[in-house]
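> Pasting the sequence and the predicted model now:
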Amino acid sequence: MTEAATSIGLAPDFKDLLESLKTAFDTDRTRSLDWRADQLCALERMMVDCEQEIMEALQTDLGKHPLEAWATEIAYVAGDAAYCRKHLRKWAKKRKVRTPMLGQPGKSWVQPEPLGVVLIIGAWNYPLQLVLAGLAAALAAGNCAIVKPSELAPATSEVIARRVPEYLDGDCVKVVQGGVPEASALLELPFDHILYTGSGAVGRIVMAAAAKNLTPVTLELGGKSPCVVLPDANLETAARRIAWGKFTNAGQTCIAPDYLLTDADTEARLLPLLQQAIVDMFGTDPQTSDSYGRIVNDRHHARLAGFLDSGEAAIGGRTNPATRFIEPTVLTSVEKDSPVMQEEIFGPILPIVRADSLDDALRFIRSGDKPLAAYVFTKDRDAEARFLDQVSSGNVCINDTMMFMTVEELPFGGVGQSGMGAYSGEHGFRTFSHMKAVMKRAWWPDLALRYAPYTPKKFRQLRKLR
Ligand code: NAD
């Protein structure tokens, strides 16, 4: 319907779609914990049954190796759905809180309730995970949802649109395919919550649109995630873990280490180890490795190729626009104000910026926006503590990259310019729930002291009760 509308120049209109979801929500079936568990089970089943076609779609969109597609997308969504299913009864329970003397006899509790109909808009770099893990959280909390996968990963978007209605309750979950016109039309509607993953520039558009309807938002954005390597680190392990974090999905990962900060001597010792780690993962010609991904489109390829002049390619540096290939690249002699340091790189280019000391590195990190992730490699507990204390970022990993994503109980989300809110595990359940505050009073006694007329005696008694 929307494709036809946009192809003849009409703005898409999703009012009826939202109305149908509101009607489904008003049947109250999503409040049932059994319904929620069934939906999460179905989502897990979809990940198992459709594994092959999802892998093929991710191969088409991003050249993702099946192993990477499985680990970072398919198994991730299945794991998230299973975790939510396992814990949702506990999360959905009322939580009693203390009732003060003034409210006695009485009881008070917090009772989670679903928000209603939510909108989930995803980015292209993990096109399955970024919408379906959010959907798992929304379903666990008992919501209906519209999911809008990224148009820049069309093969994956098509699989999601085709398979979701087969597995999930089609009255309560809808998929809208499309790009900016569709996203813009959806954003005009009064959803009960919006989860958006993507760039900060569009995050601002989403937030401004949501403000018109007073719709709360969770924004999962990006930024330049720094990685500090101190001289005392185990450089061999650090090199492997940094290369893995940077070159997985050809660097198109929101939490990839964006750039390294280290001193001259450590840089000289680290470079051959990074080179070795890259060869171990992708061979001497990564262009022929099926483990190495491709850049999502020509525009991003050209943008990334433009960064190669920001320093000297100590490792890699070759590109092939025809196949959207960019070699795993490490740039040295990078000035802090060079183009590659002005925006999130979001590709397989790792600049090394000189920082003569931890203080120097901290000063530089703190002069920029708060990043989504921050990494430090060191054996020094004091240095680690100072880094934790002084760097504000969504997430931190000490002596590794990206691995916090495997810890289900950690919230995942940004701070400042890297985003707001979180939707992993129980945090997702809370994001998509209203924590309703409830107090129940006994009928008797009904103390007169709060009622007018106010007297000095009542005032004295009231003070004693506080
Ligand atoms: P994108 O181009 O796929 O856009 C994201 C979504 O926004 C898409 O569904 C798109 O249709 C929609 N969109 C684009 N322009 C719009 C507009 N003008 N109005 C309304 N909707 C619009 O992805 P992107 O923005 O290139 O994403 C890359 C960014 O996302 C990077 O900064 C990355 O760090 C960040 N990211 C963050 C996370 C996270 O979890 N924090 C995860 C992945 C990516």
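Cool, the structure landed.
> Could you confirm I146 falls within a strand?
Yes. Counting by DSSP: H, G, I helix; E, B strand; the rest coil, one finds I146 located in a strand.
> For the ligand, what's its nearest residue on this structure.
Going by C-beta to the nearest ligand atom, the ligand is nearest to G222 of the chain, at 2.0 Å. C-betas here are computed from N, CA, C, even on glycine.
> Next, that residue: phi, psi?
When read as degrees, to the nearest 10, the backbone of G222 gives phi -130, psi -140.
> so the closest residue to F377 other than its chain neighbours, which of the three states?
For F377, ignoring the flanking residues on the chain, the nearest one in space by C-beta to C-beta, 6 or more residues apart in numbering is A233 at 3.8 Å. Here A233 is recorded as coil under three-state DSSP.
> and if you look at K64?
Going by three-state DSSP: K64 is coil.
> Could you give the number of residues near it?
29 (other C-beta atoms under 10 Å).
> Wait, it touches D290, no?
No. Applying C-beta atoms under 8 Å as the test, K64 and D290 come out as separate, 10.0 Å apart.
> sorry, back to before: find me the pLDDT at the residue of the chain closest to the ligand, would you?
Model confidence at G222, expressed as pLDDT, equals 95.
> what's the spacing between it and M281?
Separation of G222 from M281 (C-beta to C-beta, to the nearest Å): 24 Å.
> and these two? which has more neighbours close in?
More crowded of G222 and M281, by other C-beta under 10 Å: G222, with 29 against 17.
> Spell out which parts of the stretch 51-200 of the chain neighbour the ligand.
Counting by C-beta under 6 Å from any ligand atom, the positions of the stretch 51-200 of the chain adjacent to the ligand are 121-125, 130, 148, 150-152, 179-180, 183-184, 187, 197-199.
> Give me the buried entries from these.
Buried subset of these (neighbour count, 16 or more other C-beta atoms under 10 Å): 121-125, 130, 148, 150-152, 183, 187, 197-199.
> in the top helix by length along the chain, what's buried?
Longest helix of the chain, by residue count under DSSP state H: helix 264-282. Residues of helix 264-282 classed as buried under the neighbour-count rule (16+ other C-beta under 10 Å) are T266, E267, L270, L271, L273, L274, Q275, A277, I278, M281, F282.
> possible to save those as CSV with pLDDT?
As requested, the buried residues of helix 264-282 are exported to CSV (pLDDT from 0 to 100):
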residue, pLDDT
T266, 98
E267, 98
L270, 98
L271, 98
L273, 98
L274, 98
Q275, 98
A277, 98
I278, 98
M281, 98
F282, 98
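> which among these gets closest to A37?
M281 (39.4 Å; C-beta to C-beta).
> Which residues are in contact with K224?
D258, Y259, M341, E343, E344, I345, G368, D369, P371 (C-beta atoms under 8 Å, 6 or more residues apart in numbering).
> in the stretch 201-350 of the chain, which spans are strands?
Applying DSSP state E, counting those that start in this stretch to the stretch 201-350 of the chain gives strands spanning 217-220, 226-229, 259-262, 312-315, 319-320, 325-326, 329-332, 349-354.
> Pairing partners for the last one, with directions?
For strand 349-354, sheet partners with direction are given as strand 259-262 (parallel), strand 329-332 (parallel), following DSSP bridges.
> Switch those strands over to JSON lines; also include mean pLDDT, distance to L43 and mean neighbour count.
Formatted as JSON lines, the strands paired with strand 349-354 follow (pLDDT from 0 to 100; distance: least, C-beta to C-beta, whole Å; neighbours: other C-beta atoms under 10 Å):
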{"stretch": "strand 259-262", "mean pLDDT": "98", "distance to L43": "36", "mean neighbour count": "25"}
{"stretch": "strand 329-332", "mean pLDDT": "98", "distance to L43": "38", "mean neighbour count": "24"}
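> will you turn those into JSON lines that also has distance to the ligand?
Shown next, in JSON lines, are those (distance: least, C-beta to the nearest ligand atom, whole Å):
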{"stretch": "strand 259-262", "distance to the ligand": "14"}
{"stretch": "strand 329-332", "distance to the ligand": "19"}
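> export those strands to JSON lines and tack on distance to A385?
As requested, these are exported to JSON lines (distance: least, C-beta to C-beta, whole Å):
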{"stretch": "strand 259-262", "distance to A385": "18"}
{"stretch": "strand 329-332", "distance to A385": "29"}
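> Is any residue of stretch 373-392 near the ligand?
No. Stretch 373-392 does not reach the ligand (C-beta under 6 Å from any ligand atom); its nearest approach is 9.1 Å.
> That stretch: which residues count as buried?
A373, A374, Y375, V376, F377, T378, A383, E384, R386, F387, V391.
> quick revisit: farthest pair within the buried ones among the residues of the stretch 51-200 of the chain next to the ligand?
Of all the pairs that these form, the one spanning the most space (C-beta to C-beta) is N125 and L187, at 21.0 Å.
> relative to strand 144-148, how tilted is whatever helix or strand L132 lives in?
If you go by DSSP states H and E, L132 is part of helix 129-140. With axes from the mean of the first three to the mean of the last three C-alpha atoms, to 10 degrees applied, the angle from helix 129-140 to strand 144-148 works out at 170 degrees.
> Can you spell out which helices and strands pack onto helix 129-140?
Applying 3 or more C-beta pairs under 8 Å, 6 or more residues apart in numbering; DSSP states H and E, one finds that helix 129-140 contacts helix 33-49, helix 75-91, strand 117-121, strand 144-148, strand 193-197, helix 425-431.
> give me that answer again for 7 Å
In terms of contacts (3 or more C-beta pairs under 7 Å, 6 or more residues apart in numbering; DSSP states H and E), helix 129-140 is packed against helix 33-49, helix 75-91, strand 117-121, strand 144-148, helix 425-431.
> Could you dump those into CSV with mean pLDDT added?
Output for the helices and strands packed on helix 129-140, formatted as CSV (pLDDT from 0 to 100):
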stretch, mean pLDDT
helix 33-49, 98
helix 75-91, 98
strand 117-121, 98
strand 144-148, 98
helix 425-431, 96
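> quick one, which of the ones you listed is nearest to N249?
With C-beta to C-beta as the measure, helix 75-91 is the member of those nearest N249 (12.5 Å).
> could I get that closest one in PDB with only the CA atoms?
C-alpha atoms of helix 75-91 as PDB (Å, rounded to 0.1, in the frame of the first residue of the first chain):
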ATOM      1  CA  ALA A  75      21.300 -15.900  18.100                       C
ATOM      2  CA  TYR A  76      21.300 -12.500  19.700                       C
ATOM      3  CA  VAL A  77      17.500 -12.000  19.000                       C
ATOM      4  CA  ALA A  78      16.700 -15.600  20.000                       C
ATOM      5  CA  GLY A  79      18.700 -15.200  23.200                       C
ATOM      6  CA  ASP A  80      17.000 -11.900  24.000                       C
ATOM      7  CA  ALA A  81      13.600 -13.400  23.400                       C
ATOM      8  CA  ALA A  82      14.400 -16.400  25.500                       C
ATOM      9  CA  TYR A  83      15.800 -14.300  28.400                       C
ATOM     10  CA  CYS A  84      12.700 -12.000  28.400                       C
ATOM     11  CA  ARG A  85      10.400 -15.100  28.300                       C
ATOM     12  CA  LYS A  86      12.200 -16.700  31.200                       C
ATOM     13  CA  HIS A  87      12.100 -13.500  33.400                       C
ATOM     14  CA  LEU A  88       8.900 -11.800  32.400                       C
ATOM     15  CA  ARG A  89       6.700 -13.200  35.100                       C
ATOM     16  CA  LYS A  90       9.200 -11.900  37.700                       C
ATOM     17  CA  TRP A  91       9.500  -8.500  36.000                       C
END
